[in-house]
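S.K.: What follows is a predicted structure for the sequence shown.
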Amino acid sequence: MKRVLVTGGGSGIGRGLAQAFADAGHAVTITGRRADALAETATGRDMTCITADVCDEAAIDALFEQPFDIVVANAGMGRAAPLTDVSLDDWNQTLAVNLTGTFLTFRGALRTMKAGGRLIAIASTAGLQGGPRIGAYCASKHGVIGLVRSVAQEVAKKGITCNAVCPGFVETDMATAAVAFVMQARGVDEARATQMVVSGNPMGRMIDVDEVVSAALYLASDGASSINGHALSVSGGEI
């Protein structure tokens, strides 16, 4: 049994990750800003729920008084808008949650993590390519990939690995928001908007949460001990 931490565990990919690690017999701790959402994730499973914001340095540092074996920096956010409509507050918030939150999580984890440890960031295909109307999101996720590759070099000789999972559009609330934005901006119905959102995926569909979870479980496994500094695309061939 390993000790696992998943940030942003209250919904979407984070919920899927936490439940999968718990079902595999690991001791799982989840964090997020909403206690009710964390409790829902933990329903029927033995998990530790801690209300914490990944942008809160003290709160994140406090998580790592005891070492974790597997740490998944999953908490994230994103809004679609032309760059000219992005406020400085929106820009700063996006980078704070997606990039600084990952930095704080990884930094805290490495202060106590032992050999065999796994650091995993849930990034995005937006960390590997640009995209219209998602400048802040792309910038933050490119930063996450850069951080992962740098950390991987630092920890390689310590027996720790650091990798990223880069999904395309996943069937989550964030994807639903993207579809709604396209419906409003383009004046199309939901079916057409969905088709437009997933047009970059050669499979022509949303990625399932379980597909992202499976990739993370692999990177956390003993069989992935030589996979380090990698950005694993889960995107149907988009990347």
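M.R.: Okay, I see it.

S.K.: Please go through this protein and pick out the longest helix.
M.R.: helix 135-155 (DSSP state H).

S.K.: Let me see the mean pLDDT of that helix.
M.R.: For helix 135-155, the mean per-residue pLDDT is 98.

S.K.: neighbouring contacts of that helix?
M.R.: 73, 78-80, 83, 86, 90-91, 94-95, 97-99, 102-103, 106, 110, 117, 119, 121, 123-124, 126-131, 161-164, 166, 228-231 (C-beta atoms under 8 Å, 6 or more residues apart in numbering). Glycine gets a C-beta too; all of them are placed from N, C-alpha and C.

S.K.: Which helix or strand lies directly C-terminal to it?
M.R.: Under the assignment DSSP states H and E, the closest C-terminal helix or strand after helix 135-155 is strand 161-167.

S.K.: unless I'm mixing things up, residue 96 is touching residue 56, no?
M.R.: No: with contact defined as C-beta atoms under 8 Å, residue 96 does not reach residue 56; the gap is 10.3 Å.

S.K.: thinking again about what came up before, going by neighbour count, which residues in the longest helix of the chain are buried?
M.R.: Using 16 or more other C-beta atoms under 10 Å as the test for burial, helix 135-155 gives 135-145, 147-149, 151-152, 155.

S.K.: Now do the contacts for the nearest residue to residue 34 once chain neighbours are set aside.
M.R.: Of all residues not flanking residue 34 in the chain, residue 10 sits nearest, at 5.4 Å (C-beta to C-beta, 6 or more residues apart in numbering). Contact partners of residue 10, counting by C-beta under 8 Å, 6+ apart, are 30, 32-34, 37-38, 40-41.

S.K.: secondary structure element for residue 10?
M.R.: Residue 10 belongs to no helix or strand, assigned by DSSP H and E.

S.K.: how close does it get to residue 93?
M.R.: 18 Å (C-beta to C-beta, to the nearest Å).

S.K.: Repeat that for residue 112.
M.R.: For residue 112, the distance to residue 93 equals 29 Å [C-beta to C-beta].

S.K.: So which bits of the helix or strand residue 212 falls within are buried?
M.R.: Residue 212 belongs to helix 209-220 when elements are defined using DSSP H and E. Neighbour counts over helix 209-220 (16+ other C-beta under 10 Å) mark 209, 211-213, 215-217, 219-220 as buried.

S.K.: In CSV: those, plus distance to residue 2 and pLDDT.
M.R.: Below are the buried residues of helix 209-220 laid out as CSV (distance: C-beta to C-beta, whole Å; pLDDT from 0 to 100):
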residue, distance to residue 2, pLDDT
209, 21, 97
211, 22, 98
212, 20, 98
213, 16, 98
215, 18, 98
216, 13, 98
217, 12, 98
219, 13, 98
220, 8, 98
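
S.K.: ok, of those residues, which one's closest to residue 63?
M.R.: residue 220 (17.8 Å; C-beta to C-beta).

S.K.: just checking, the closest one touches residue 117?
M.R.: No: contact criterion C-beta under 8 Å: residue 220 and residue 117 do not qualify, at 9.8 Å.

S.K.: Give the intersection of the neighbour lists for the two.
M.R.: residue 70.

S.K.: What residues does residue 210 make contact with?
M.R.: Counted by C-beta under 8 Å, 6+ apart, residue 210 has contacts 16, 20.

S.K.: who touches residue 7 in this structure?
M.R.: Contact partners of residue 7, counting by C-beta under 8 Å, 6+ apart, are 14, 30-32, 54, 72-75, 101, 105.

S.K.: In helices, which of those appear?
M.R.: Using DSSP H, the contacts of residue 7 in helices are 14, 101, 105.

S.K.: What's the local residue count around the first one?
M.R.: Okay, so that is residue 14. Neighbour count of residue 14, defined by other C-beta atoms under 10 Å: 27.
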